[in-house]
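Trainee: return a 3D structure for these sequence lines:
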Amino acid sequence: MNEAKFRSEVGRLIRAAGWWDLTGRDAVVCPRCKTLVLPKKSRPDTLCLSPNRFGFVVEYKMYPKLSKGKAWHQVGTFPFSAIELGQRIWLNVWDSNAKEDPGSGIKPGGAYIGLGTRHGTAGAKNTPRMGWLIPWQYWLWVEDRLREAGQASLPLVAGKGMNKLVQANHLDAVTQLAPWELAHVQNVGWRFPNLHPLYPPQGEYLNLAQLTQRWEDARVEQEGK
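Mentor: The predicted structure follows:
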């Protein structure tokens, strides 16, 4: 599973939960002059909108490929440098303007990091599919904990041979990102954990026809006001 596939799969989850996920093209060719037009640099991968709920943005990243002969949990670490400065600025600006939920302290309409593992790579028998959709504020808190321990990356599993402080405090994705881990249901796809800020009302996931009807109902209601 590469980043494009992971982004597509999580996009289906986001749509089923009631949003339209808008992903800009990486580049387009001008039909007149045939010049390659590049998008604004460092913008988040996906903008998610709803007519009757908050919107949010997602930046997708992946763990590195698994080396041949290694077990799934030996995939290594995700370097924080993989989130570039320009991307951090975009995420910070969006998140700083989002409203905070007073109960959880999380900003549901803020920025998120979508992080996934590469499923089915060489030597990875029975590799579990793992993915997270992490609020940006929480991600920065995890980064700070790792940096304080002298590490600038997030291990999938803090195993032998790694930084002792990282091991002792279980500073890895499996432990630290557990509240935001998506469940992969066979023949269904990804699903949010019940306490995730993007979990749909009453746990109701919609198909495309239902989502379109909800949007149409919201439009009619708005025009009637």
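Trainee: residues contacting the spatially most central residue of the chain?
Mentor: Centre of the chain computed as the mean C-alpha position; nearest residue by Cα atoms, centre = their mean is Gly114, 1.5 Å away. For Gly114, the contact set (Cβ atoms under 8 Å, 6 or more residues apart in numbering) comprises 6-7, 10, 45, 58-61, 131-134. To be clear about C-beta, it is placed using only N, CA and C from the backbone, and glycine gets the same treatment.
Trainee: the helices in this structure, which residues?
Mentor: Assigned by DSSP state H, the helices in the chain fall at 3-16, 85-96, 136-148, 164-168, 173-176, 208-223.
Trainee: can you give me the strands for the chain?
Mentor: Assigned by DSSP state E, the strands in the chain fall at 20-23, 28-29, 36-37, 46-49, 56-62, 77-79, 111-116, 131-135, 153-155, 181-185, 189-191.
Trainee: and Pro201, which of those is closest to it?
Mentor: Nearest to Pro201 among the strands of the chain is strand 189-191 (14.6 Å), distances taken as Cβ to Cβ.
Trainee: ok, that closest one: who's next to it in the sheet?
Mentor: strand 181-185 (antiparallel) (DSSP bridges).
Trainee: rewinding a little: now the strands of the chain in TSV, with mean pLDDT?
Mentor: As requested, the strands of the chain are arranged in TSV below (pLDDT from 0 to 100):
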stretch	mean pLDDT
strand 20-23	86
strand 28-29	66
strand 36-37	64
strand 46-49	92
strand 56-62	95
strand 77-79	91
strand 111-116	96
strand 131-135	97
strand 153-155	93
strand 181-185	92
strand 189-191	91
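Trainee: can you tell me which of the ones you listed is most buried?
Mentor: Of all the strands of the chain, strand 111-116 has the most neighbours on average by mean count of other Cβ atoms under 10 Å, namely a mean of 26.
Trainee: output it as PDB, restricted to C-alpha atoms.
Mentor: Listed next in PDB are the C-alpha coordinates belonging to strand 111-116 (Å, rounded to 0.1, in the frame of the first residue of the first chain):
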ATOM      1  CA  ALA A 111      -5.500  19.800  10.600                       C
ATOM      2  CA  TYR A 112      -4.700  16.100  10.600                       C
ATOM      3  CA  ILE A 113      -1.800  13.800   9.800                       C
ATOM      4  CA  GLY A 114      -2.800  10.700   7.900                       C
ATOM      5  CA  LEU A 115      -0.100   8.100   8.600                       C
ATOM      6  CA  GLY A 116       0.000   4.600   7.200                       C
END
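Trainee: the inter-axis angle of it versus helix 3-16?
Mentor: Interaxial angle, strand 111-116 versus helix 3-16 (axes from the mean of the first three to the mean of the last three Cα atoms, to 10 degrees): 120 degrees.
Trainee: within the sheet, what are the partner strands of strand 111-116, with directions?
Mentor: Assessed with DSSP bridges, strand 111-116 is paired to strand 56-62 (parallel), strand 131-135 (antiparallel).
Trainee: the inter-axis angle of the first one versus helix 136-148?
Mentor: If you take the same axes, to 10 degrees, strand 56-62 sits at 40 degrees to helix 136-148.
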